[in-house]
Structure formats: C-alpha cells, structure tokens
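Q: Turn this into a model:
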Amino acid sequence: MRLKRRETEVFSLSFLDVICCGFGAIILLLVLSEFGQPLVIERSREDLEMQLKKLQEELFVIRGDSEVLQRELKGRVDKLMRERQNLAKAAGEMSSLRGQFNTSRQEAAVSNILETELLAAFDELSEQNKRLVQASRTRRSITTQAVGGIPVDSDYVIFLIDTSGSMQGGHWETAIEVMREILDIYPRLKGLQIVDDNGRELFSGSRGRWLTDSAALRTDIVQRMRTWRSFSDSSPADGIEMAIRNYWSADKRISIYVLGDEFTGESIQGALDAVDRINRPDASGRRRVRIHAVGFPEAPGMTPFTNIRFSALMRAMCERNDGTFVGLTNTKSCAMSMNIGGVITCVGGN
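A: Below is the predicted model:
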C-alpha cells in the first residue's frame, strides 16, 4: 500500500515537472520572441528602404529615358510632317505639270485643226476666185459711161478706206494717190464723203450730210488723210452697211469706193449677205448704190491669207452690186514707215 502511494507521488511529481518544463519553454519562447522581433522589423525596414531607393533610382532612369524617347519621337513627328508637306508640294507640282501637258497637247490639237481648216479655206477661196473670174468674163455689160471699166454715172461718191496698220504702214501714200485719181474721174460731184471701214467719217461731225465738192475740199481731204488715225477691224461690210443707212436716198445716184488690203471677218458669204440685205435692188434690178473696190497687195510681214480673202470678197461684192473690182499689183511697198511730225512717211521699199 505504501509502495503504491509512493509510486503515485513519483508519478505526480513527474507530471508536474513536465508541466513546469512546458511552461518554462513557453516563457522562453515569449522572451525570445520579444527580443527577436525588433531586429527582424529593423532588418525589414532597412530592406524596404533599400528597395525604395533602388526603385526611385530606377524611376529616375526611366524618366530620363522617357524624356529622351519623347524628344526623339517629337523629332520624328516633325520630320514626318515636313516629309508630308514636301509630298503635298510635289503632288501639287505634278498636278500643275500634268495640267500644262494636257493644255499643250490640246493646243497642239487645236493648232492642227486650225491649220487643216485654213488650208481647206484657202483651197476653197482659190476655187471661188477662179469661178468669180470666169463669171466676171461672162457677166452682163452695164450700159453706162465708164472710165477704165469703172462706171462714172454717180453724182455722189463715198470713199470707204481701210485704216488698218497694214494699209497705213505699207500702202498709205498709194491709197491717197489712188483716191486722187478716182476723184479726177469725177470733175464735179454734188456730194462727197470719206469714211473708214467701220463707217466713221474723216470729217468729224459730218455724219448724215454730204460735203460740198470743191478744189479746196479735195486738197483738205489729202491733208487730213496724211494724219488720219482710226481703229480698223479690216471688215468693210460693216462700213458699207453704215454708209448706205446714213447716206442713201432714192433721188441720188451714189457710188462707194472701197480701198483695202485684207478681210478678217468671220465669213465671206456672211458679209455678202449682210450687204445684200441693205443694198436691195429696185423693180428694174438696180441696186441702191454701186460698190467698187480697189485691192492692194499684201504688205511686208502680212499674211497672204487675209489679202486673198479681201480680193475674193470684193470681187463678189462688186459683181453683185453693179461695180468694178481693180486689183493693184505694182504699188510701192514700204520697207519701213515713220511718223514724222504726225505724218506717216514711207522710207525705203520699192
């Protein structure tokens, strides 16, 4: 019994020892934890500060690299904008060159068409001229007094003179002389008038009234002719129409003398038709006025095409209007004309 109690006591003491050891271990752990935790926290803080510093350094490096990249990007963007502007400029120049090329090609095509039409018109005029010459040989004779083939049965005469540069520069002195010779055919006229090929009078303010013929008037006409400057479109049909409207009268015999060297109007037939409408024949077939013409040869530097057209037009017009066409071939041509004291003077030539 005593032994059993002894064993019980020994067991109790051992259990208590175990419990005490456990409590001691726990206390030791608590002591160790309290003393070790600040060191761990300190080390962790140092590690975090090092990491933060390292991250800040990396951030500064990244910011620096970012600024460099931004500058490079801006430079490349600027370069791209300049290249785009150069490309747009080059495209504009290319478009302009393409337009100029197309325009030149069109002008060349138009020139070829015009050249073809002019050649065709020249051939047509040549044929028409041949027909007119043949017709003039077989036309009916006019029963009236004539000088040099020109009827002189009119009491009133209108000189319609082309005042273009080709006439004034190459034929003006000859034109004045021709006008003198025509006036000599008519010793005494009841009325006289001088107009340009647009119908404007040499004596301003005399429109619609006849000048009284006299030796003094004829001398004055020659003097005024030497300084006459008047715009001309080298289309006598307009002046003829205006002259008939302003001066025709049923009780007067009138002749118009056209002096010129070229016709630049659109159509020969159109000009003939325009004169036919106003210079209508009466019941006996006589036209209101006779129309004569004196054609001058082409002046130096003048295209022969318009000169041929004038001859073709006036031959046909004189034929239709009871007149005569005279073509001059041996007139003096000026190598150069000079304005001396307001007077056109011919210098050189033959």
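Q: The stretch 1-150 of the chain: helices as residue ranges?
A: Taking DSSP state H, counting those that start in this stretch as the criterion, the stretch 1-150 of the chain contains helices spanning 2-138.
Q: Under the pLDDT cut-off, which ranges of it? List them.
A: Residue ranges of the stretch 1-150 of the chain with pLDDT under 70: 1-18, 20, 23-24, 28-42, 101-111, 114, 118, 121, 129, 132-150.
Q: redo that, cut-off 80
A: 1-48, 91-150 (pLDDT under 80).
Q: Likewise for the stretch 201-350 of the chain?
A: 299-303, 329-350.
Q: Ile194 contacts Ser206, doesn't it?
A: No. Taking contacts as C-beta atoms under 8 Å, Ile194 lies outside contact range of Ser206: 9.1 Å. C-beta: built from backbone N, CA, C; applies to glycine.
Q: what's the spacing between Ile240 and Trp248?
A: 11 Å (C-beta to C-beta, to the nearest Å).
Q: cool, Gly285 as well?
A: According to C-beta to C-beta, Gly285 and Trp248 sit 17 Å apart.
Q: When the two are compared, which one has more neighbours?
A: It is Trp248, of Gly285 and Trp248, that has more neighbours when counted by other C-beta atoms under 10 Å, with 16 against 7.
Q: for that one, what are its contacts?
A: Ile254, Arg288, Val289 (C-beta atoms under 8 Å, 6 or more residues apart in numbering).
Q: Among these, which one has the most neighbours?
A: Tallying neighbours with other C-beta under 10 Å puts Val289 at the head of the contacts of Trp248, with 24 neighbours.
Q: residues in contact with that one?
A: With C-beta under 8 Å, 6+ apart, Val289 has these contacts: Ile158, Ala243, Ile244, Trp248, Ile254, Ser255, Ile256, Asn279, Asn321.
Q: Chain neighbours aside, what residue packs nearest to it?
A: By the measure of C-beta to C-beta, 6 or more residues apart in numbering, the closest residue to Val289 outside its immediate chain neighbours is Ile254, 4.3 Å from it.
Q: Tell me how many other residues surround Val222.
A: For Val222, the neighbour count with other C-beta under 10 Å is 14.
Q: so it sits in a helix?
A: Yes. Assigned with DSSP: H, G, I helix; E, B strand; the rest coil, Val222 falls within a helix.
Q: tell me which of the contacts of Trp248 is nearest to Arg224?
A: Nearest to Arg224 out of the contacts of Trp248 is Ile254 (C-beta to C-beta; 21.6 Å).
Q: What's opposite the closest one in the beta bridge?
A: On the basis of DSSP bridges, Ile254 is bridged to Tyr156, Val289.
Q: tell me the contacts of it?
A: Taking C-beta under 8 Å, 6+ apart as the criterion, Ile254 is in contact with Ser154, Asp155, Tyr156, Val157, Ile158, Tyr247, Trp248, Arg288, Val289, Arg290.
Q: What does the pLDDT read for the fifth one?
A: What it means is Ile158. We have a pLDDT of 95 for Ile158.
Q: which residues in the stretch 201-350 of the chain form helices?
A: 215-226, 236-247, 268-278, 304-320.
Q: More neighbours: Ile194 and Ser206, which one.
A: The residue with more neighbours, out of Ile194 and Ser206, is Ile194; 20 against 13, by other C-beta under 10 Å.
Q: Confirm the more buried one sits in a strand?
A: Yes. The assignment for Ile194 (three-state DSSP) places it in a strand.
Q: Who are the contact partners of it?
A: Ile158, Phe159, Ile161, Glu201, Leu202, Phe203, Leu211, Ile221, Arg224, Met225.
Q: Give the burial count for the third one, as a bare number.
A: The local packing of Ile161 (other C-beta under 10 Å) involves 28 other residues.
Q: Got phi/psi on it?
A: For Ile161, the backbone dihedrals (degrees, to the nearest 10) come out as phi -120, psi 130.
Q: Kindly report the same for the first one.
A: Main-chain dihedrals, Ile158, degrees, to the nearest 10: phi -120, psi 120.
Q: what does the fifth one give?
A: According to degrees, to the nearest 10, the main-chain angles of Leu202 amount to phi -60, psi -40.
Q: now it, nearest residue through space, not along the chain?
A: Per C-beta to C-beta, 6+ apart, closest to Leu202 is Ile194, 3.9 Å.
Q: Just list whatever residues bridge to the one you found.
A: Bridge pairing for Ile194 - DSSP bridges - gives Phe159.
Q: Could I get the average pLDDT for stretch 177-189?
A: For stretch 177-189, mean pLDDT rounds to 89.
Q: hmm, who's touching it?
A: If you take C-beta under 8 Å, 6+ apart as the criterion, stretch 177-189 is touched by 147-148, 150, 152, 154-157, 159, 161, 213, 218, 221-222, 225, 257, 259, 294, 328.
Q: Which among those residues count as buried?
A: 150, 152, 154, 156-157, 159, 161, 213, 218, 221, 225, 257, 259, 294 (16 or more other C-beta atoms under 10 Å).
Q: which one among those gets closest to Leu87?
A: Ile161 (63.7 Å).
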